[in-house]
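Visitor: Okay, structure incoming, though there's no sequence with it:
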């Protein structure tokens with residue numbers, strides 16, 4: 001998934017620095033990704049540590065994490081995916097409110113793909129309610145639908161707006177592909193909580209933090225993924241069909257520093273790593289000042305290509321690349 005702030009391309013930079021800082025074998029360590037998003041960092045640590053704890057406040061992320069991090073045993077998923085892909089489309093909530101030909105006139109999906117999304121989402125829930133599938137397969141199928149629907153979405157990248165005409169990639173027929181996860185001998189933990197609240201209740205060795213860097217709220221930018229994941233009933237608002245969404249203090253200039261310091265204070269982890277960049281609303285000097293209050297501080301940097309959805313005339317920064325920071329704290 002093309003995702004704001006994805007650390008997929010930075011995974012090895014993060015992992016190599018964690019291995020350099022944390023003494024001993026990572027196999028004995030508990031690793032926590034508190035703002036996990038699509039789970040790319042946790043996935044990279046899943047086979048290297050004792051336990052991964054993954055959390056995100058957004059429900060679509062929770063679904064992806066339940067599959068990619070929480071699922072550890074192999075699943076016989078192919079017959080179920082075949083049934084989903086063979087379904088006839090239904091004029092349901094996604095079609096009526098977010099698809100070509102729907103009553104709301106929003107062009108997030110083609111007519112066919114909006115109907116296919118509805119049919120698949122309804123069927124997955126029926127299988128769960130009738131106990132035909134267990135929780136592990138439920139989240140696997142739901143993650144597969146979310147990832148596949150995102151590939152045919154008629155957007156520039158995020159769901160803050162849709163394109164005026166159905167683009168070529170969005171006109172392709174939705175095919176639900178498997179959201180393959182890594183088999184693991186260990187048990188892992190997944191949460192759908194506010195990070196500052198959850199951190200008070202967990203403990204481990206390595207805490208990785210990748211909060212939002214700027215004012216863009218993930219709940220607004222990915223509202224349609226939450227709608228597919230929850231498939232609940234609400235009245236979509238405005239031109240883009242927004243639902244009510246969680247507003248993070250990490251996206252608010254006046255709140256972010258205090259929220260970050262509360263998190264550090266309450267964290268029961270010895271090694272803490274924070275991803276941030278040179279365009280975030282917390283300056284690097286301010287982050288260092290806060291982290292140094294709690295122990296030994298260090299910093300690693302690397303250049304990184306900007307997220308392409310940010311490449312428009314309205315953005316505040318014009319550089320093609322950013323400097324990605326990995327702030328490091330050994331808490332004492």
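Guide: Structure's in. What do you need? Note that the structure is predicted; figures quoted are calculated from it, not measured.

Visitor: Could I get the average pLDDT for stretch 59-73?
Guide: Averaged over stretch 59-73, pLDDT sits at 98.

Visitor: and it, how far out from the chain's middle?
Guide: How far stretch 59-73 lies from its chain's middle: 10 Å, per CA atoms, centre = their mean, to the nearest Å.

Visitor: contacts for it?
Guide: In this structure, residues lying in contact with stretch 59-73 by CB atoms under 8 Å, 6 or more residues apart in numbering are 36-39, 42-43, 46, 52, 54-56, 135-136, 139-140, 142-144, 146-147, 179, 181-192, 222, 225-226, 228-230. Just so you know, the C-beta spots here come from the backbone N, C-alpha and C atoms, and that holds for glycine as well.

Visitor: before we move on, what about stretch 288-299?
Guide: The contact list for stretch 288-299 (CB under 8 Å, 6+ apart) reads 21, 257, 260-261, 264-265, 272, 274, 284, 325-332.

Visitor: Mind checking which of the contacts of stretch 59-73 land in strands?
Guide: 52, 54, 55, 189, 190, 191 (DSSP state E).

Visitor: ok so, going back, only the buried subset of the contacts of stretch 59-73, as a PyMOL command please.
Guide: Filtering these down to the buried ones (16 or more other CB atoms under 10 Å) takes a single PyMOL command:
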select buried, resi 36+37+38+39+42+43+46+52+54+55+56+136+139+140+142+143+144+146+147+179+181+184+188+189+190+191+222+225+226+228+229
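
Visitor: Among the contacts of stretch 59-73, name the ones in helices.
Guide: Judged by DSSP state H, these include 42-43, 135-136, 139-140, 142-144, 146-147, 225-226, 228-230 as members of helices.

Visitor: which of the residues you listed sit farthest apart?
Guide: Farthest-apart pair in these is 43 and 230; separation 23.4 Å (CB to CB).

Visitor: Now do the strands in the chain.
Guide: Going by DSSP E, the chain shows strands at 30-33, 51-55, 189-191, 206-209, 271-277, 295-305, 321-331.

Visitor: low pLDDT regions in the protein?
Guide: Low-confidence segments of the chain (pLDDT under 70): 306-320.

Visitor: center of it - which residue?
Guide: Central residue of the chain (CA atoms, centre = their mean): residue 37, 2.0 Å from the mean position.

Visitor: closest to residue 82 among the ones in strands among the contacts of stretch 59-73?
Guide: Nearest to residue 82 among the ones in strands among the contacts of stretch 59-73: residue 190, at 27.1 Å, using CB to CB.

Visitor: which residues does the closest one bridge with?
Guide: For residue 190, the beta-bridge partners are residue 54 (DSSP bridges).

Visitor: Show the contacting residues for it.
Guide: 53, 54, 55, 62, 65, 66, 69, 70.

Visitor: ok, those residues vs residue 197, which is closest?
Guide: The closest of the contacts of residue 190, once distances to residue 197 are taken by CB to CB, is residue 55, at 10.1 Å.

Visitor: Pretty sure that closest one sits against residue 33.
Guide: Yes: in this structure, residue 55 is within contact of residue 33 by CB atoms under 8 Å, at 7.2 Å.

Visitor: what's the burial count for the nearest residue to residue 141 once chain neighbours are set aside?
Guide: Once flanking residues are discounted, residue 141 sits nearest to residue 124: 5.0 Å by CB to CB, 6 or more residues apart in numbering. By other CB atoms under 10 Å, 23 other residues sit near residue 124.

Visitor: Would you mind measuring from residue 124 to residue 16?
Guide: 38 Å (CB to CB, to the nearest Å).

Visitor: before we move on, what about residue 261?
Guide: Plainly put, residue 261 is 28 Å away from residue 16 if you go by CB to CB.

Visitor: got the contact list for the closest residue to residue 191 other than its chain neighbours?
Guide: Distances taken as CB to CB, 6+ apart put residue 55 closest to residue 191, at 4.0 Å, once the chain neighbours are dropped. Applying CB under 8 Å, 6+ apart, we find residue 55 in contact with 32, 33, 34, 35, 36, 65, 190, 191, 192, 193, 195, 198.

Visitor: ditto for residue 40
Guide: Residue 40 neighbours (CB under 8 Å, 6+ apart): 6, 7, 8, 11.
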